[in-house]
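Chemist: Below are the sequence and a predicted model for it; my questions follow.
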Amino acid sequence: MIKRLAACIREFRLQTILTPLFMCGEVGMEVLIPLLIADLIDNGIDAGNMDHILKTGVTLMVVCSASMLFGSLSGNFAAIASSGFAKNLRSDMYYRIQDYSFENIDKFSSASLVTRLTTDVTNVQNAFQMLIRIAVRSPIMFIFSLVMAFRIHRRLSLVFLCVIPVLAIGLYLIMTHAHPIFVRVFKTYDKLNGVVQENLRGIRVVKAYVREEFEEKKFKNVSESIYDDFTKAEKLIAFNSPLMQFSMYTCALLISWFGAQIVVNSTGSPSPELTTGSLTSLFTYSTQILSSLMMISMVFVMMTISRASANRIYEVLTEESTLTDPADPVYEVGSGDIEFQNVSFSYAGDKDKLCLSNVNLSIKSGETVGIIGSTGSSKSTLVQLVSRLYDVTEGAVLVGGIDVRKYDIKALRDQVAMVLQKNVLFSGTIKDNLRWGDENATDEDMKRVCVLACADEFISSFPDGYDTYIEQGGTNVSGGQKQRLCIARALLKKPKILILDDSTSAVDTRTDAMIRKAFAEEIPDTTKIIIAQRISSVENADKIIVMDGGRIAACGTHDQLLRESDIYRDVYESQTKGGEGNE
């Protein structure tokens, strides 16, 4: 995992290397300061030597300035390196997600992916910055200060060796108990993100059914769960500070007690065992040693928090798409012929939970095929297999006489245009959205497909025409306008197969009829599959497929199905009684 995440440092390697180097320089200067202070006290102040005081004072100023310079440079490079590392992590995750199949995204959920791209990356960024700064500074400071303390007085420095094991055991116990809680917290973050995302997407439904209180309660429950877990974890980590304070004060007390006795007993000796300046330095080194341990404990805390985040990021970066190109892919789709051969499919990959069962179907190039059925009869699932948004669990789907799994995915999807059930427009002008179908399309090409989709009439009524700005999700256009723009976008691809998944549900029957008429006249060679709820949308199709419970219940023309299919006849009668069939 570490190797994979470290690969994201890339162009920020120099800053990553310079940060600990300058940090070492800062530590070196700070370790010298207590020695210079001891020399200033013993050979300057106590001896009354003003020249030595001035000389040592200037040296102290130079050393302190150098320490500040090294520290500033280290902090600057650490900020650049950590921010760049986070940028690369997000970039790599984002591009990785673009290669995911629908099955991969279903596995993680969109809410979880958003949390991993935001909160988890921020946690890892903070941990990385501490790793190249504090995690370098603290051990070096600890070792250097301990060595200098032993140089000053060996027996007195044994105090540190008594306190350090107690501190280390305490920190270990805190970290091992806190880590599982943080792992649970980040999973709950996914739920929180999912609740917010669901609420924002369905805000109109929430308000229409006056369910604000219910949604607020859902959010509150998840939020309180995060609060409870974080409180438990922070209570454990809170023991870190008193433990550290206890260790520091214990060391200070013992050094003061034993050090004072040694200084008093050495007074008047020609070569004292411990001088006042040395004792002062020892206090400084004790502070540096224990502060280093405190910093190390903070690093451990941050690593504990970020470890769970790092694992979640690693999962995204190493997840392999369930849809891959074959070793020797086919790049040319010969025709719009489609054939389903004993096709069965399950979203979970479980043969006992099939959405489609033993589907056999043949569609000739240029045919118009209607698909009708009740909600949940797997109409959308059936057509998603054609463009290989999912792979079949059993059997095979052939396009142009070749199994779709043998095609290059991009080449296949360039020839199979889908207008999905959930119409999505992106922020940008109408032209920007249309050019998703063909980025090199001319204004004439765009106008032609918009005329086919009956979208030109309302686009022309806008003051800015085709340069009209569309808000994110197409919130500033109606549902019917959004559907017609999506159909035009699909037509711009000039596909061999066009799939409309309930894509005219928001348009009136007159406009629906005009769109179908335009298809028949302008793109007769394109295979057209139309999923619809209205009989009027498919009654003129070359063949109509009736889906029921994941199976093909009946197949034939409108007249044939009225005679032979009870399901089709019931739907037709229910709609014509309401007057729709006469419009």
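Modeler: Looks like it came in fine.
Chemist: the helices in the stretch 401-550 of the chain, which residues?
Modeler: Secondary structure of the stretch 401-550 of the chain, counting by DSSP state H, counting those that start in this stretch: helices at 409-415, 430-434, 443-452, 456-459, 479-491, 509-522.
Chemist: Just put those in a markdown table and tack on mean pLDDT and distance to Val205.
Modeler: C-beta coordinates here come from the backbone N, C-alpha and C atoms, glycine included. Output for those, formatted as a markdown table (pLDDT from 0 to 100; distance: least, Cβ to Cβ, whole Å):
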| stretch | mean pLDDT | distance to Val205 |
| --- | --- | --- |
| helix 409-415 | 92 | 32 |
| helix 430-434 | 93 | 25 |
| helix 443-452 | 92 | 30 |
| helix 456-459 | 91 | 26 |
| helix 479-491 | 90 | 14 |
| helix 509-522 | 86 | 25 |
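Chemist: could you dump these to TSV with distance to Leu254?
Modeler: Conversion of the helices of the stretch 401-550 of the chain to TSV gives the following (distance: least, Cβ to Cβ, whole Å):
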stretch	distance to Leu254
helix 409-415	70
helix 430-434	72
helix 443-452	82
helix 456-459	83
helix 479-491	76
helix 509-522	88
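Chemist: okay, now the domains of this protein?
Modeler: Structural domains assigned to the chain are 2-318, 338-582, following automatic domain parsing.
Chemist: so which of those domains gets nearest Ala327?
Modeler: Of all the domains of the chain, it is domain 338-582 that lies closest to Ala327, at 10.0 Å by Cβ to Cβ.
Chemist: Tell me the gap between the closest one and the middle of its chain.
Modeler: 31 Å (Cα atoms, centre = their mean, to the nearest Å).
Chemist: Who does the closest residue to Thr526 other than its chain neighbours form a beta bridge with?
Modeler: Of all residues not flanking Thr526 in the chain, Leu498 sits nearest, at 5.3 Å (Cβ to Cβ, 6 or more residues apart in numbering). Beta-bridge partners of Leu498, counted by DSSP bridges, are Ala417, Lys528.
Chemist: I'd like the distance between Leu498 and Gln421.
Modeler: Remark: distance between Leu498 and Gln421 (Cβ to Cβ, to the nearest Å) = 15 Å.
Chemist: who has more neighbours, the two?
Modeler: Shown here are Leu498 and Gln421; by other Cβ atoms under 10 Å, Leu498 has more neighbours (24 against 14).
Chemist: Next up, phi/psi of Pro329, please.
Modeler: phi -70, psi 160 (degrees, to the nearest 10).
Chemist: contacting residues around it?
Modeler: By Cβ atoms under 8 Å, 6 or more residues apart in numbering, Pro329 lies in contact with 406-408, 411.
Chemist: Let me know which of the helices of the stretch 401-550 of the chain is the nearest to Ile97.
Modeler: helix 409-415 (15.7 Å).
Chemist: picking that back up, mind checking which of the contacts of Pro329 land in strands?
Modeler: When the contacts of Pro329 are checked against strands (DSSP state E), there are no matches.
Chemist: Make JSON lines from these and add distance to Val183 to it.
Modeler: Formatted as JSON lines, those follow (distance: Cβ to Cβ, whole Å):
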{"residue": "Lys406", "distance to Val183": "42"}
{"residue": "Tyr407", "distance to Val183": "41"}
{"residue": "Asp408", "distance to Val183": "40"}
{"residue": "Ala411", "distance to Val183": "42"}
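Chemist: Following the chain onward from the strand or helix carrying Gly170, which element is next?
Modeler: Using DSSP states H and E, Gly170 sits in helix 154-201. Downstream of helix 154-201, the first helix or strand assigned by DSSP H and E is helix 203-208.
Chemist: Need the nearest residue in space to Arg133, chain neighbours excluded.
Modeler: Per Cβ to Cβ, 6+ apart, closest to Arg133 is Ala78, 4.8 Å.
Chemist: Just list the residues touching that neighbour, thanks.
Modeler: Contacts of Ala78 (Cβ under 8 Å, 6+ apart): 15, 19, 129, 132-133.
Chemist: Filter those down to the ones in helices?
Modeler: 15, 19, 129, 132 (DSSP state H).
Chemist: Selecting buried members of those residues in PyMOL, what would you type?
Modeler: Restricted to buried positions by 16 or more other Cβ atoms under 10 Å, the PyMOL selection for the ones in helices among the contacts of Ala78 reads:
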select buried, resi 15+19+129+132
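Chemist: That concludes my questions; thank you for your assistance.
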